[in-house]
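In: Sequence first, predicted coordinates after that:
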Amino acid sequence: MQDGATISGYRLTGRTRISELGTWNDAISPDGVPSGVLRFDPRAVAAPDARERLVSAVGADRRLVRSGLPSLLPVADLVTARGEVWLITSRPAIPTVSDLLTGGTGPDSGSAGTILVEIAQALLSLHAAGLTHGSLHPGTVVIAEDGSAILAERGLMAAIRGDSPPVERDIAAWSALARTLSASWASGDAARLFDRAASAASTGGLAAARDTLVAGREVLPPGFTTRDRLVETLHRWYAADVPTSPAPSGPDPGQIVTLLHADRAGSVRTAPPARPAPDGDMMMRFGPGVPTEDPDVPQSTAERIWRSGQDQLATLHGREGSRGTPRRGRRRATAWAGAILLAVLIAAGILWLRQSPGPAVAVEKVDVRGPKKTLSCDGTATIVGVVTTNGGEGSIRYVWLRSDGQKLAEQELRVLSGPTSVELPLHWKVSGESSGFKGTATLRVLSPTTSGKAVQGKATFSYKCEVH
């Protein structure tokens, strides 16, 4: 999405990150508040019931936030624009723990402990409410500006898949997160504490894991509960020059249309046209409990069919007949409506077939490219790994290796079927004096690969900083 484009009044500011659901953008709300916007991958929301399930998941999150749960990324709106679906959050969704893991020097073990305790408590609250996250990993844990840990994308992947993740999946994911932070941000007694907590979660649940961390807090740095070190890491991360990948252009200007729900009797409300949207800001909202600015905007017949089905269409025809429309006009309207309904059903069938399970993903090769120009003092090298796949669906396990000896955690990215290439960026910040430092970054894909063995590629960059 281009910098300066708007979605429902939220101006995109240029910084983006890729998630398994689509592309997140930093944004500014109409009131000037930093926010986030997620553009869903169109393939992810193409299934006939995917949008309805998303609405349900978003509604559950909004109710939890209103009830006082602070550790969920708050959703401001859910909209559709020109067939694309966007999630708008009232707080930024960048950076995540994954961003900090790949951004060079991370925070200390105290910061890792704080994150783990907060996420464990957030998951316990979710489970007590009868919900699960379903897709917990470093890329769905957002670090807020005050250093607090927030769960993002809660229930969204499960909604898209029509899945009902068990509590055990969240517990296993938390254990994996604990071991990742143990390997990346801790050592000695602190690392052993995190490993014990991961084991406690596997055997006794998240409450036992949380209690293990609290009981062993004496091995963590003094004052870690203030989150000062984590906030410092955030400041360094934001100060780094983090380029973003090109994104699709914004929606064309047009009239705002609200997708309405039929009431229990099946009637359809109509009202005057909606207010015109700002340039580059065309959207349609949908879903119970999701806010609308104009709740009485008329819908087209196709939208009513998509929303309410054939019973809704029958009610609509009944209303048209009550106005005294000539019989020939009614037959013509019925014929047109039937044709539209048939077209919608055919399109839905095609989309459903496209969503049927395809081949499992397998990586064929890895290409890595780095900056051609020599970096100057305190520069950040952006190295991009391009992973070529067979177009299948699944999870890719990979790790970045740096020639300076800095160890980075293994990561996992889930890809949808269709695309045959994935970009995996690494941001390597270099500081200090040097007459000619050369850094080499190697992207190693561990699995799955077509050969059954790890495949890798590497790129080198130069850094020079001489102070006279």
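Out: Done, it's in.

In: C-alpha only now, for contacts and for neighbours.
Out: Will do.

In: chain center to stretch 368-388, what's the gap?
Out: Distance of stretch 368-388 from the chain centroid (C-alpha atoms, centre = their mean, to the nearest Å) equals 25 Å.

In: So which residues make contact with it?
Out: Stretch 368-388 is contacted from outside by 240-243, 363-367, 420-433, 441-443, 457-466, using C-alpha atoms under 8 Å, 6 or more residues apart in numbering.

In: got it, and stretch 224-239?
Out: Residues contacting stretch 224-239 (C-alpha under 8 Å, 6+ apart): 100, 103, 106-108, 110-111, 114, 145-148.

In: list the contacts for Gly436?
Out: Listed by C-alpha under 8 Å, 6+ apart, the contact set of Gly436 reads 462-465.

In: ok, of those residues, which come out buried?
Out: Using 16 or more other C-alpha atoms under 10 Å as the burial test, the contacts of Gly436 include 462-465 as buried.

In: In strands, which of these fall?
Out: Cross-referencing the buried ones among the contacts of Gly436 against strands under DSSP state E gives 462-465.

In: Can you list the residue ranges for helices in the stretch 301-450 of the chain?
Out: 301-308, 310-322, 327-354 (DSSP state H, counting those that start in this stretch).

In: start to end distance for stretch 121-140?
Out: Counting by C-alpha to C-alpha, to the nearest Å, you get 16 Å between the two ends of stretch 121-140.

In: May I see the buried residues of that stretch?
Out: 121-126, 131-140.

In: and what of stretch 82-97?
Out: In stretch 82-97, counting by 16+ other C-alpha under 10 Å, buried: 84-97.

In: ok, of those, which one's closest to Asp404?
Out: Nearest to Asp404 out of those is Val97 (C-alpha to C-alpha; 21.7 Å).

In: Can you tell me the closest non-neighbouring residue to the closest one?
Out: What sits nearest to Val97 in space, not counting adjacent residues and going by C-alpha to C-alpha, 6 or more residues apart in numbering, is Pro138, at 4.9 Å.

In: roughly how far is stretch 24-40 from the heart of the chain?
Out: Distance, stretch centre to chain centre, for stretch 24-40: 13 Å (C-alpha atoms, centre = their mean).

In: Can you give me the end-to-end span of it?
Out: With C-alpha to C-alpha, one end of stretch 24-40 sits 9 Å from the other.

In: which residues are in contact with that stretch?
Out: With C-alpha under 8 Å, 6+ apart, stretch 24-40 has contacts from 1, 9-18, 21-23, 84-94.

In: now do stretch 200-214
Out: Residues outside stretch 200-214 that contact it (C-alpha under 8 Å, 6+ apart) are 113, 116-117, 120-121, 123-124, 171-172, 174-175, 193-194, 196-199.

In: returning to what we had before: which of the helices of the stretch 301-450 of the chain comes out lowest on mean pLDDT?
Out: The minimum mean pLDDT among these belongs to helix 301-308 (a mean of 32).

In: Count the residues that sit near Asp404.
Out: Per other C-alpha atoms under 10 Å, the neighbour tally for Asp404 reads 10.

In: In this structure it contacts Lys438, no?
Out: No: applying C-alpha atoms under 8 Å, one finds Asp404 not in contact with Lys438, separated by 9.4 Å.

In: which ones are touching Ser182?
Out: Contacts of Ser182 by C-alpha under 8 Å, 6+ apart are 109, 112, 190-192, 194-195.

In: Am I right that it is in a helix?
Out: Yes: using DSSP: H, G, I helix; E, B strand; the rest coil, the secondary structure at Ser182 is a helix.

In: ok, now how distant is it from Ser111?
Out: Distance, Ser182 to Ser111, using C-alpha to C-alpha: 11 Å.

In: For stretch 50-64, which residues meet the burial criterion?
Out: Neighbour-count burial for stretch 50-64 flags 50-62, 64 (criterion: 16+ other C-alpha under 10 Å).

In: How about stretch 418-436?
Out: 418, 420-422, 424-430.

In: Distance-wise, check Gly385 relative to Asp367.
Out: Computed with C-alpha to C-alpha, the distance linking Gly385 and Asp367 is 6 Å.

In: mind giving me a markdown table with the buried residues of stretch 418-436 and columns for pLDDT?
Out: Below are the buried residues of stretch 418-436 laid out as a markdown table (pLDDT from 0 to 100):
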| residue | pLDDT |
| --- | --- |
| Gly418 | 78 |
| Thr420 | 87 |
| Ser421 | 86 |
| Val422 | 85 |
| Leu424 | 87 |
| Pro425 | 86 |
| Leu426 | 88 |
| His427 | 87 |
| Trp428 | 89 |
| Lys429 | 87 |
| Val430 | 88 |
